[in-house]
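Trainee: Prediction below, plus the sequence it came from.
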Amino acid sequence: ALPVADASVDVAISNCVLNLVPDKAGAFAEIFRVLRPGAHFCISDIVASARLPEAIRAAAELHVGCVAGAMEQEEYLELIRGAGFSEVWIAETRTIELPDSLLSPHLDGEELAAFRAANTRLLSVTVLGTKPSAVCCGESCCR
């Protein structure tokens, strides 16, 4: 719950913290609420190319390190679009290498091999989106 009025913000920025928020859909809805029509956001965050193994998602130290909270990139983008944003796009992507020494305390040898074989990657992304200038009221005139 951001302590600002509805439609009162021109730009929202976030630097790599939304993947730590348990209710990401709620966070994106709150950003949408405070932005003025036509305003935009720029979010840097960590996502994954595929669903992370449950053992990684459950590891507290990997959550604090922004690994465990990373959701699949497409699911992340769909949450943003689902909040009402348009023109959602990724401006920059960078792969983050996960060394075996970070993963091996949480995955046994077979699980680690399967993780590597699946080529699941952790990605640092910069996502931009816009709150539409006219939000549809649901009436036929908006369609």
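Mentor: Thanks, I have it. Numbering: from 1, shown residues only.

Trainee: for E111, phi and psi?
Mentor: With angles defined as degrees, to the nearest 10, E111 sits at phi -70, psi -40.

Trainee: what's the closest non-adjacent residue to the spatially most central residue of the chain?
Mentor: Among the residues of the chain, the one closest to the centroid is Y76, at 4.5 Å (Cα atoms, centre = their mean). Of all residues not flanking Y76 in the chain, V47 sits nearest, at 4.9 Å (Cβ to Cβ, 6 or more residues apart in numbering). For the C-beta atoms, the positions are set from N, CA and C on the backbone; glycine is no exception.

Trainee: that older thread, which strand or helix spans the residue nearest to the centre of the chain?
Mentor: For Y76, the host element (DSSP states H and E) is helix 73-82.

Trainee: Packing partners of that helix?
Mentor: On a contact count with 3 or more Cβ pairs under 8 Å, 6 or more residues apart in numbering; DSSP states H and E, helix 73-82 meets helix 24-34, strand 35-48, strand 86-96, strand 122-130.

Trainee: how much space between W89 and E54?
Mentor: For W89, the distance to E54 (Cβ to Cβ, to the nearest Å) stands at 30 Å.

Trainee: And for E87?
Mentor: As for E87, its distance to E54 is 34 Å (criterion: Cβ to Cβ).

Trainee: One more: F115?
Mentor: As judged by Cβ to Cβ, F115 and E54 stand 12 Å apart.

Trainee: Between these two, tell me which one has more neighbours.
Mentor: Legend: neighbour count by other Cβ atoms under 10 Å for F115 and E54, higher for F115 (20 against 11).

Trainee: hang on, that one packs against D100?
Mentor: No - the criterion here is Cβ atoms under 8 Å, and F115 misses it with D100 at 9.6 Å.

Trainee: Buried residues, the helix or strand of the chain with the lowest mean pLDDT. List them.
Mentor: Every helix and strand of the chain was ranked by mean pLDDT, DSSP states H and E. The lowest is helix 60-64, at a mean of 85. For helix 60-64, a neighbour-count test (16 or more other Cβ atoms under 10 Å) marks L62, H63 as buried.
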